[in-house]
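> quick one, structure for this:
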Amino acid sequence: MTKPAERSAARLAAVQALYQMDLSGKSVVDALAEFEAFWIGREVEGIEFQPSDNDFFRNILSGVVNNQRDIDVRIDKALAAGWPLKRIEAVLRAILRAGCYELMFRKDVPVRVVITEYVDVTHGFYSEDESGLVNAVLDSLAREVRAGELERKAAGQTKR
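Numbers count the residues shown, from 1 in each chain. Below you'll find the predicted structure:
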């Protein structure tokens with residue numbers, strides 16, 4: 001069984017790989033190979049990269065790349081008017097894409113876990129309003145693509 005910390009590390013690695021791919025134009029195959037060989041579970045330049053659920057990492061990275069057009073359309077709809085995804089900074093774009101992928105295609109991961117994890121990833125890169133943006137966009141998207149799960153949660157909470 002995979003530990004939650006390994007899934008968290010996989011999400012962070014996927015965001016970093018997506019960012020690197022966005023800037024360098026590397027293919028998904030090259031990014032997967034590089035991260036698995038040189039980053040995940042290793043110390044690089046004094047920074048220790050935690051062991052990760054490599055299957056989950058591969059799934060997120062490949063899933064974002066394979067579904068990027070659909071993902072980007074959904075994110076654009078959730079962003080404020082006048083702020084298309086292409087205007088969003090590259091790391092933030094990678095975070096939104098990875099979170100959106102999980103909400104759309106990884107129904108085995110609860111909505112609240114996805115949102116919390118990517119807000120936490122955002123805190124690792126930013127100290128200001130970006131985490132609120134990630135929370136708002138992913139919450140909006142979750143209400144669109146997994147409304148049933150959110151309604152069941154709300155109904156369960158009101159019974160207490």
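> contacts and neighbour counts: CA atoms only from here.
Fine.
> what's in contact with the helix or strand hosting Leu18?
Assigned by DSSP states H and E, Leu18 belongs to helix 4-24. For helix 4-24, contacts defined as CA atoms under 8 Å, 6 or more residues apart in numbering pick out 26-28, 31-32, 35, 40, 49-54, 56-58, 60-61, 90-91, 93-95, 98, 117-118, 121.
> in three-state terms, label Lys26 for me.
coil (DSSP: H, G, I helix; E, B strand; the rest coil).
> give me the buried subset of the contacts of helix 4-24.
28, 31-32, 35, 40, 49-54, 56-58, 60-61, 90-91, 93-95, 98, 117-118, 121 (16 or more other CA atoms under 10 Å).
> out of the residues you listed, which sit inside helices?
28, 31-32, 54, 56-58, 60-61, 90-91, 93-95, 98, 117-118, 121 (DSSP state H).
> low pLDDT regions in the protein?
Within the chain, the ranges that satisfy pLDDT under 70 run 1-2, 37-51, 82, 150-160.
> let's go with 80 and repeat that
Flagging of the chain using pLDDT under 80 yields the residue ranges 1-2, 32-52, 80-84, 128, 150-160.
> gap between Leu32 and Leu61?
According to CA to CA, to the nearest Å, Leu32 and Leu61 sit 8 Å apart.
> let me fix that: Val29
10 Å.
> how many residues are close by Lys86?
10 (other CA atoms under 10 Å).
> OK, contacts around it?
Counting by CA under 8 Å, 6+ apart, the residues that Lys86 touches are Arg93.
> export only the CA atoms of stretch 19-26, formatted as CSV.
In CSV, the C-alpha atoms belonging to stretch 19-26 read as follows (Å, rounded to 0.1, in the frame of the first residue of the first chain):
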residue,chain,number,x,y,z
TYR,A,19,7.0,23.0,-15.3
GLN,A,20,10.3,21.7,-16.7
MET,A,21,8.6,20.3,-19.8
ASP,A,22,6.7,23.6,-20.3
LEU,A,23,10.0,25.6,-20.2
SER,A,24,12.3,23.2,-22.1
GLY,A,25,10.0,21.5,-24.5
LYS,A,26,11.1,18.1,-23.2
